[in-house]
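Chemist: Need coordinates for the below:
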Amino acid sequence: MDFTEYQHKSRATAKYPAIGHGVIYPTLGLTNEAGEVAGKIKKVFRDKNGEINDETREALRAELGDVLWYLAQVCTELNLSLDEVAETNLAKLLDRQARGKIHGDGDNR
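Modeler: Numbering: from 1, shown residues only. Okay, the predicted model is just below:
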């Protein structure tokens, strides 16, 4: 499955309330789910000495799937292709790497 197919198929399950602009709800969901991923990773280091077992890996897979779903909905609400977002991001990172600017911070490196 590619991102275009995922974005199209996942849209059929996008049932959420309109809160002002359509991008608001999925953006809040995206940040919530990303926080859940971070919380599970935090607990791996707090409770499991940094060891990611199969159960944790499966739980992370589920949470990352939720992140992907919300990201796809944000893209759709903004009339952006998830494929194009991924391609643009990779091109940006490869350009930074080629220029020796992959490390550091800031958008304009």
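
Chemist: quick one: the helices in the chain?
Modeler: Listed in chain order, the helices of the chain (DSSP state H) span 3-11, 24-47, 54-77, 82-98.

Chemist: so Asp2 touches Asp83, yeah?
Modeler: Yes. In terms of CB atoms under 8 Å, Asp2 counts as a neighbour of Asp83; the distance is 6.6 Å. Where C-beta positions appear, they are placed from N, C-alpha and C, glycine not excepted.

Chemist: the more surrounded of those two?
Modeler: Asp83 (15 against 10; other CB atoms under 10 Å).

Chemist: Just confirm that one contacts Glu5, I think it does.
Modeler: No. Between Asp83 and Glu5 there is no contact under CB under 8 Å: 9.5 Å.

Chemist: Just the pLDDT for the closest residue to Pro26 other than its chain neighbours.
Modeler: With CB to CB, 6 or more residues apart in numbering as the criterion, Pro26 has its nearest non-adjacent residue at 3.8 Å, and that residue is Gln73. We have a pLDDT of 98 for Gln73.

Chemist: Tell me who's in contact with Gln73.
Modeler: Going by CB atoms under 8 Å, 6 or more residues apart in numbering, Gln73 touches Ser10, Arg11, Ala14, Tyr16, Pro26, Gly29.

Chemist: mind putting the residues you listed in CSV, pLDDT, distance to Gly65 and neighbour count included?
Modeler: Formatted as CSV, those follow (pLDDT from 0 to 100; distance: CB to CB, whole Å; neighbours: other CB atoms under 10 Å):
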residue, pLDDT, distance to Gly65, neighbour count
Ser10, 98, 10, 18
Arg11, 97, 15, 12
Ala14, 97, 14, 15
Tyr16, 93, 17, 14
Pro26, 98, 14, 21
Gly29, 98, 13, 18
